[in-house]
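Engineer: Everything below, folded, please.
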Amino acid sequence: MLQLEHPEHLYALLLLPLLGLFFWAAWTARKRAIGRFGNHSLMEQLMPQVSRYRQYLKFGLLMLAVALLVVGWANPQYGAKLQKYKRKSVDIIIAFDLSQSMLATDITPSRLERARRFGQELVEGLRAERLGMVVFAGSAFLQSPITTDYNAIQLSLRSASPDMIGNQGTAIAEAIELAGESFEDNNKSHKALIIITDGENHEEEALAAAEAAAEEGLILYTVGVGTTEGSFITIRENGREMYKRDQQGNPVRSRLNEAVLRDIAKVGNGNYFNLSAGSDAVVNALKERIDKMEKRAFEQRSFSEFESSFQWFVGIAILLLVLEFLMPYRSSGKGRNQNLFGENA
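Structural biologist: Predicted structure coming up:
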């Protein structure tokens, strides 16, 4: 496969018509200057060793050399050879809570913003593994399947918002079940689920889902976002910020439910972490535990880097320029033994 690293440099080829125009103008001026001295055929006899075609040939070599230099400047590259290599990793899915309770501001600037930042740091820390992402609120959705495209997951984290999911709630059980279904069927012991949430779960199925997932070899880690004291949930309606209220009109206070998150991590053979300990500390702790897990080998394909070939074009151009420089304007031997009257000397 051939490509140009800098195709915009090919615009320099527009110089060639200008050079051609300059050559034509110079050749025309030369003929006029010679014509001032006498008849054209007579002047050819007076200059028998001057070749009629050498100037065209020399100019053609110059034009070709310039064209090759411009192409070399654009740097033609070839390659794209498909390579395969073995890699070992753990398959990890990050379950990210997008319920409205994550808008609470008991930690600054908000639970959601802190969770976003932590999620991005976590992805950077786990680049040796294969990652996927599930978002959940009142229901769960697979945002990204297991992949090594970490930039796609980072983009999903940066744009994560409660507006992405219409029905509100904290469906941790559904998130666990969806994550379990997203791993490959033959992966029974090289997978983990990291749940980032405030734990405001109102379902009894969460522990049952965690236990069922653990029986399938899935290790569950939970990361709590928020404080046990909690705060009111700030939402925006009709362009105004206000507190979320219950059916009786009272502001809803959201609190971190550490008990649920500890229980889920316990039955899931994992650990619970509180984000208040600091993002770096939690990332390092998770990375340390995942590094101890048994790695799974898989084959990954990639394209080799393109190799530059500009040197061939530049080299040929230099040879042409040298040839053009060494080529004389006079013909070799023509008319050397003739006099002005066409007789041999």
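Engineer: Tell me where the stretch 1-150 of the chain has helices.
Structural biologist: Taking DSSP state H, counting those that start in this stretch to define them, one finds helices in the stretch 1-150 of the chain at 15-35, 40-46, 54-74, 111-125, 150-158.
Engineer: Show residues contacting the third one.
Structural biologist: Spelled out, that is helix 54-74. By CB atoms under 8 Å, 6 or more residues apart in numbering, the surrounding residues in contact with helix 54-74 are 4-10, 12-13, 15-16, 19-20, 23, 27, 310-314, 316-318, 320-321, 323-324, 327-331. (C-beta placed from N, C-alpha, C; glycine too.)
Engineer: again, only using 6 Å
Structural biologist: For helix 54-74, contacts defined as CB atoms under 6 Å, 6 or more residues apart in numbering pick out 4, 6-7, 9-10, 12-13, 16, 23, 310, 313-314, 316-317, 320-321, 324, 327, 329.
Engineer: Ok, the last one next?
Structural biologist: Identification of contacts with helix 150-158 by CB under 6 Å, 6+ apart yields 116, 119-120, 123, 127, 131, 133, 143-144.
Engineer: In this structure, where is pLDDT below threshold?
Structural biologist: Within the chain, the segments meeting pLDDT under 70 span 1, 33-52, 79-85, 201-203, 297-306, 329-345.
Engineer: can you list the domains in it?
Structural biologist: Domain ranges of the chain: 2-79+306-326, 85-301, per automatic domain parsing.
Engineer: Out of those domains, which is the most enclosed?
Structural biologist: Neighbour counts (mean count of other CB atoms under 10 Å) averaged over each of the domains of the chain peak at domain 85-301, with a mean of 18.
Engineer: Show me which of the contacts of helix 150-158 is closest to residue 212.
Structural biologist: When the contacts of helix 150-158 are ranked by distance to residue 212 (CB to CB), residue 133 comes first, at 21.2 Å.
Engineer: isn't the closest one right up against residue 143?
Structural biologist: Yes: contact criterion CB atoms under 6 Å: residue 133 and residue 143 qualify, at 4.3 Å.
Engineer: one step back: same list (the contacts of helix 150-158) but as CSV, adding distance to residue 110.
Structural biologist: Supplementary listing: those in CSV, determined by distance: CB to CB, whole Å:
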residue, distance to residue 110
116, 9
119, 14
120, 15
123, 20
127, 27
131, 24
133, 20
143, 20
144, 23
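Engineer: Just give me the closest of these to residue 90.
Structural biologist: residue 131 (9.6 Å).
Engineer: residues in contact with that closest one?
Structural biologist: The contact partners of residue 131, by CB under 6 Å, 6+ apart, come to 92, 153.
Engineer: So what pairs up with it in the strands?
Structural biologist: residue 92, residue 147 (DSSP bridges).
Engineer: now it: how far from residue 99?
Structural biologist: Noted for residue 131: a distance of 22 Å to residue 99, by CB to CB, to the nearest Å.
Engineer: Can you tell me which residue is spatially central in the protein?
Structural biologist: By CA atoms, centre = their mean, the chain has its centre lying nearest to residue 151, at 7.0 Å.
Engineer: and the gap between that one and residue 176?
Structural biologist: Separation of residue 151 from residue 176 (CB to CB) stands at 26 Å.
Engineer: cool, residue 241 as well?
Structural biologist: For residue 241, the distance to residue 176 - CB to CB - is 33 Å.
Engineer: go on, residue 247?
Structural biologist: Counting by CB to CB, the gap from residue 247 to residue 176 is 29 Å.
Engineer: secondary structure class for residue 193?
Structural biologist: Of the three states, residue 193 takes strand under DSSP: H, G, I helix; E, B strand; the rest coil.
Engineer: Run through the residues that contact it.
Structural biologist: Residues in contact with residue 193 (CB under 6 Å, 6+ apart) are 93, 179, 218, 220.
Engineer: what residues does stretch 223-241 touch?
Structural biologist: 100-101, 103-106, 111, 115, 196, 198-199, 243-244, 251-256, 258, 261, 273-275.
Engineer: If we use 8 Å, what do you get?
Structural biologist: Taking CB under 8 Å, 6+ apart as the rule, stretch 223-241 contacts 97, 100-107, 110-111, 114-115, 118, 194-199, 242-244, 251-258, 261, 272-276, 282, 286.
Engineer: is it true that residue 309 touches residue 78?
Structural biologist: Yes: contact status for residue 309 versus residue 78: in contact at 6.2 Å, counting by CB atoms under 8 Å.
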